[in-house]
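J.: Build me a model:
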Amino acid sequence: MTLQEQLCVSLRANLTENILPFWLNRMADPAGGFFGRMDGNNRLHPAAPRGAILNARILWSFSAAYRQLRDPQYLAAATSAYEYLRDHFIDREEGGVYWSVGADGTPLDTKKQSYAIGFAIYGLSEYVRATSSPEALALARELFGVLEKNARDEASRGGGYIEAFNRDWSEISDMRLSEKDANEKKTMNTHLHILEPYTNLYRVWPAPELKEAIIDLLRIFLDVMLDRRTFHLGLFFDENWVRHDGNISYGHDIEASWLLLEAAQVLNAAPGAGEDPRLRPLLEKTLADCRAIANAALEGRSDKGYMIYERFADGRLDADRHWWVQAEDVVGLVYLFRFHHVLPALDKAWNSWQWIDRNLVDRARGEWFWSIREDGKINRDDDKAGFWKCPYHNSRMCLEVLSALDCDL
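T.: Prediction:
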């Protein structure tokens, strides 16, 4: 069996025997949707609030798994997540999605975070790819319109999207996604996860206005956020794209290295793409820049197979090995192998996956641990499942690699 075949077999097994069964058997709420939290010691918290990001990522994960693997239990889970998002998270009065709802499905935190709306579009568009649901497509298009109308910044230099608003789309004082983030109006993370759903939506709805939004997002990444001295991406900016940080996020860099390329590839693969003279040069530029971004990100990767989390502006390191960073490392390496023809990258991808399999995968209780500490101990302080810990980065890793390597599904 070749190394490529070993990777395909091993990732499919982890997806279908470890990741997805955990969410089906331990996190699905018999009353509908999915529970909001299981802590790092595997204790379920059924009364915990339910986040829009968690629900939208579950919707994407099971929709994508069904689309590629055609297992009917994945379709049932995707439909449950879709109906819960539709019935409980969509704000029918003001537009967009609530940040969180209670365990009973009633609105809890009603702020509008562009990041969360992006993930709702991502999940809905993947459900459309899996089921051809006209209702889900209508909702995804509606949320696209909401973001473009309310969050797209036409007034400030350089455009882009404002981070967050109150429920009625008025200005909000605290725009942060989480406590560790800077309170800035524009961030790389949010723009990356607006580009990602817009790219996916374009696969099922190749509208001219959506294409222009994707092209503009690629421009922002490559011409504004990218530091061409280092090929790392800036993280936090004001409304005029003045950078207000000096940190390096290795996980976001490696994730961006393949998501940006995917966006340019999808634009160029759409019907009639050859009639737009901008698209081929954009693909070539994106291809070259993404290789450089990936190589810069690999500064944070150890030869042992793991990638550390972050380097601060003062040179200090956050050397925890977070689950999502390791998953993105594998995908980025496979993209280097498949689309940039860097042949040793496949060996590194296998090495990274082997580290994940030995250290992060919870064989006894399912899913992956949040992280491995710098001292090698399992991090049980953070959730096994919750607001941020979802079957997204790791299931997406498996599905992206299976697709990129043309594995026999």
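J.: then the helix or strand containing N268 to PDB, C-alphas only?
T.: N268 is part of helix 250-269 when elements are defined by DSSP states H and E. The C-alpha trace of helix 250-269 is given here as PDB (Å, rounded to 0.1, in the frame of the first residue of the first chain):
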ATOM      1  CA  TYR A 250       0.700  29.400  12.500                       C
ATOM      2  CA  GLY A 251      -2.600  27.600  12.300                       C
ATOM      3  CA  HIS A 252      -4.400  30.500  10.600                       C
ATOM      4  CA  ASP A 253      -1.500  30.900   8.100                       C
ATOM      5  CA  ILE A 254      -1.600  27.200   7.100                       C
ATOM      6  CA  GLU A 255      -5.400  27.200   6.900                       C
ATOM      7  CA  ALA A 256      -5.400  30.300   4.700                       C
ATOM      8  CA  SER A 257      -2.800  28.800   2.400                       C
ATOM      9  CA  TRP A 258      -5.300  26.300   1.100                       C
ATOM     10  CA  LEU A 259      -8.600  28.200   1.600                       C
ATOM     11  CA  LEU A 260      -7.400  31.100  -0.500                       C
ATOM     12  CA  LEU A 261      -6.200  28.700  -3.300                       C
ATOM     13  CA  GLU A 262      -9.500  26.800  -3.100                       C
ATOM     14  CA  ALA A 263     -11.400  30.100  -3.600                       C
ATOM     15  CA  ALA A 264      -9.400  31.000  -6.700                       C
ATOM     16  CA  GLN A 265      -9.800  27.400  -8.100                       C
ATOM     17  CA  VAL A 266     -13.600  27.500  -7.600                       C
ATOM     18  CA  LEU A 267     -13.900  30.800  -9.400                       C
ATOM     19  CA  ASN A 268     -11.900  29.400 -12.300                       C
ATOM     20  CA  ALA A 269     -13.900  26.200 -12.500                       C
END
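J.: Show me which residues of it are buried.
T.: 250-264, 266-268 (16 or more other Cβ atoms under 10 Å). (C-beta placed from N, C-alpha, C; glycine too.)
J.: Now do the buried residues in stretch 273-286.
T.: A273, L279, L282, L283, T286.
J.: what sits against the residue nearest to M397 when sequence neighbours are not counted?
T.: Of all residues not flanking M397 in the chain, A327 sits nearest, at 4.0 Å (Cβ to Cβ, 6 or more residues apart in numbering). A327 sits next to I356, H393, N394, R396, M397 when contact means Cβ atoms under 8 Å, 6 or more residues apart in numbering.
J.: ok, now L210?
T.: Counting by Cβ under 8 Å, 6+ apart, L210 has contacts F144, Y198, L201, Y202.
J.: Dihedrals phi and psi, the second one?
T.: Backbone torsions of Y198, given as degrees, to the nearest 10, read phi -60, psi -40.
J.: likewise L192?
T.: phi -60, psi -40.
J.: was I right about it contacting I254?
T.: No: L192 is beyond contact range of I254, at 11.6 Å (criterion: Cβ atoms under 8 Å).
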